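[1] Need a 3D model of the following:
(4 chains)
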Protein chains: 2
Amino acid sequence: MLEKLEFLLALAREKHFGRAAEACGVTQPTLSAGVKQIEDAFGVLLVNRGSRFRGFTAEGERVLEWARRIVGDARAMREEVLALKHGLAGRLRLAAVPTALPMVETLTTPFRARHPNVQFTVLTRTSTEVLHLLDNLEVDAGLTYLNNDLSGRVSAVPLYRESYRLLVAADGPLGHRDQVTWFDVAQVPLCLLTPDMQNRRIIDQYLRETGVEPTITLESDSMIVLYSHVRTGRWASVMPSRVAAMLGLTDVLRAIPIVGADTSYTIGLVAPAREPMMPLTAALVAEARRVAVLLAD
Amino acid sequence: MLEKLEFLLALAREKHFGRAAEACGVTQPTLSAGVKQIEDAFGVLLVNRGSRFRGFTAEGERVLEWARRIVGDARAMREEVLALKHGLAGRLRLAAVPTALPMVETLTTPFRARHPNVQFTVLTRTSTEVLHLLDNLEVDAGLTYLNNDLSGRVSAVPLYRESYRLLVAADGPLGHRDQVTWFDVAQVPLCLLTPDMQNRRIIDQYLRETGVEPTITLESDSMIVLYSHVRTGRWASVMPSRVAAMLGLTDVLRAIPIVGADTSYTIGLVAPAREPMMPLTAALVAEARRVAVLLAD
DNA sequence: TTGATTGATAGATATTTTCGATTAACATGT
DNA sequence: ACATGTTAATCGAAAATATCTATCAATCAA
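    Okay, the predicted model is just below:
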């Protein structure tokens, strides 16, 4: 029955019987039969089908929520037993918003020193995608903005607050300044993240308030792309100060404080709000609490 | 796999492969194979076996805790779906300490008025047994003393506080008094619950403090036995006032307040501290909160 | 209408599960 | 020491279940 519940989760992810089956490593008829079996067991339709997948029924949504919980607990059980046997080991799957990526290291390095047998998978996602992946048990924890929406669904550990800097070559536009305003920033051509990223939306907000229409010369979902462009000395970008520091400032590259940006956006570790947590996740949360102290201003 | 976890729960209950198998409706080899299968899946021994059951290993205890949780959630899921389909229906299994038995009705009557398709099973147990049954998912809720031990394992709704009365015939010993002391009570021969009951231990405590060695003429685990003896006019007992009131006082039978018993023992509804609860349990807890208001002094 | 996509269905084949019978390992009492 | 009873593991056969391949029916898009 547990396997059938996993079928449901896959179906919710993929919204497609064939792909869900593939994700589960079975054929499509097998997955169809599995879903039908749960439906028969409850005597209720869970999935609306026309000749294609049309979402879940009300009952299906409820079952889905329970399935997430039950499957999550089953995995936690498995992991806990293995941790008892071999010590903490396994793979921690993380999803982080792009601006948090350079901070992942501050978490993983001390963690791995403590638990050498743990491996990591780190994905870049938008803040909404991070929460979605968490909900669907596709990652164990996320690094994202703590401000909005993530009501009670997750437990969060604040790590640091973003304050923004203009990243630019010393001989580039505004490169000689000791500080700039958002009005100044809005004058120069910028490399920024794509608009689906929360960081970009925050920066857009600041820029919009200046009343000037900024020029976004280059958009990317990759921080490395932004960084490598700025390094040439011909482009500028806006990054959280910690990210700028982490990227390593040469003498040609400067991170100039932007004044007048007092709104603060906290970034932190988020994990499924289940008690007890999976051992690896619990250990990561513990590490995050330690790191948070070190990062505190 | 879910079924296998139920095997584990049964084994924890029965501490015997054969009986556990019977409880699950399978043969002993089937249950043995099921347990071994979980062990193989985790690569860990869960049960200490000699030629007989010798309890669980450390890993086994952990798995057992998860199994309780997972199996409980699976049942909650099932019940919730059925509730969506047919409205609230099914069987609520309750366990109550003997002195709470007469109060069960104050819960079940309004509950059934609201949800006519719900059936009840009510068991009499000691307070420790009530908690044990709750832990093992053998009952959905309990009525017991809220004072001690039940740390965070259960969520509780206080219902009322016990204050004690001497139950005696008007022409029996002390029958003419308007109030008595515990010292008085200790002089007369009493019918009380057996010493494994918390109520009895509480009353023993009061009696002991008088310095007098009381005579317990009759012990029983049944309130009806005590009551029927007192009704004859030849015996006396000590009961919580609400219980005395519930039993219906004729003109021959009096419930005389016992003064100097200021320690209060709260009785309430306890349910597994899981969120979300099973729908039936949640509805019962809601009912308990309403009833608690009515019962408030 | 044609072609492509999607999920249900049917039938054959594997796999797993379950059971009854038996056995091995211990206790317990004589 | 020995017989006896209890308990759980083991074995082999039968039953139940799961999975696969192939195919079909419905729907959608051109």
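[2] Check for me that residue A:276 belongs to a helix.
    No - remark: residue A:276 does not belong to a helix; assigned using DSSP: H, G, I helix; E, B strand; the rest coil, it is coil.
[3] surely it meets residue A:282?
    Yes - proximity of residue A:276 to residue A:282 meets the contact threshold set by Cβ atoms under 8 Å, at 7.0 Å. C-betas here are computed from N, CA, C, even on glycine.
[4] anything in contact with each of the two?
    Residues touching both residue A:276 and residue A:282 (Cβ atoms under 8 Å, 6 or more residues apart in numbering or on different chains): none.
[5] More neighbours: those two, which one.
    Higher neighbour count among residue A:276 and residue A:282: residue A:282, with 18 against 13, using other Cβ atoms under 10 Å in any protein chain shown.
[6] For chain A, just list every one of the strands.
    For chain A, applying DSSP state E gives strands covering A:47-49, A:53-56, A:90-96, A:118-124, A:141-145, A:154-162, A:164-169, A:180-181, A:190-193, A:216-220, A:236-240, A:253-259, A:265-272.
[7] buried stuff in the fifth one?
    When neighbours are counted by 16 or more other Cβ atoms under 10 Å in any protein chain shown, the buried residues of strand A:141-145 are found to be A:141-145.
[8] Also stretch A:103-122?
    A:103-104, A:106-108, A:111, A:115, A:118, A:122.
[9] Can you tell me which of the buried residues of strand A:141-145 is closest to chain B?
    Each of the buried residues of strand A:141-145 was checked against chain B using Cβ to the nearest Cβ; the closest is residue A:141, at 20.1 Å.
[10] Pull the contacting residues for the closest one.
    A:92-95, A:134, A:269-271, A:281, A:284-285.
[11] Excluding sequence neighbours, find me the nearest residue to it.
    residue A:271 (4.4 Å; Cβ to Cβ, 6 or more residues apart in numbering or on different chains).
[12] give me the low-pLDDT residue ranges for the stretch 1-150 of chain A?
    A:148-150 (pLDDT under 70).
[13] Close to chain B: what parts of it are there?
    Within the stretch 1-150 of chain A, the positions near chain B by Cβ under 8 Å from any Cβ of the partner chain are A:1-3, A:41-44, A:58-59, A:62-63, A:66-67, A:69-70, A:73-74, A:76-78, A:80-82, A:84-85.
[14] Which ones among the residues you listed lie within helices?
    Residues of the residues of the stretch 1-150 of chain A next to chain B located in helices (DSSP state H): A:2-3, A:41-42, A:58-59, A:62-63, A:66-67, A:69-70, A:73-74, A:76-78, A:80-82, A:84-85.
[15] Any residues of the stretch 1-150 of chain A in contact with DNA strand C? List them.
    A:16-18, A:28-29, A:32-33, A:35-36, A:47, A:49, A:51-53 (Cβ under 7 Å from any atom of the strand).
[16] try it again with 6 Å
    When proximity is defined as Cβ under 6 Å from any atom of the strand, the stretch 1-150 of chain A approaches DNA strand C at A:16-18, A:28-29, A:32, A:49, A:51-53.
[17] Using a markdown table, lay out the residues you listed together with distance to residue A:290.
    Listed next are these as a markdown table, based on distance: Cβ to Cβ, whole Å:
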| residue | distance to residue A:290 |
| --- | --- |
| A:16 | 42 |
| A:17 | 45 |
| A:18 | 45 |
| A:28 | 47 |
| A:29 | 50 |
| A:32 | 48 |
| A:49 | 49 |
| A:51 | 54 |
| A:52 | 49 |
| A:53 | 44 |
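[18] Give the PyMOL command for selecting the buried subset of those.
    Here is the PyMOL selection string for the buried members of these, based on 16+ other Cβ under 10 Å:
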select buried, chain A and resi 17+32+53
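[19] of the residues of the stretch 1-150 of chain A next to DNA strand C, list those near DNA strand D.
    Okay, of those touching DNA strand D (Cβ under 6 Å from any atom of the strand), that's A:29, A:51.
[20] Between the residues of the stretch 1-150 of chain A next to DNA strand C, which sits nearest residue A:234?
    For those, the closest approach to residue A:234 (Cβ to Cβ) belongs to residue A:16, at 44.6 Å.
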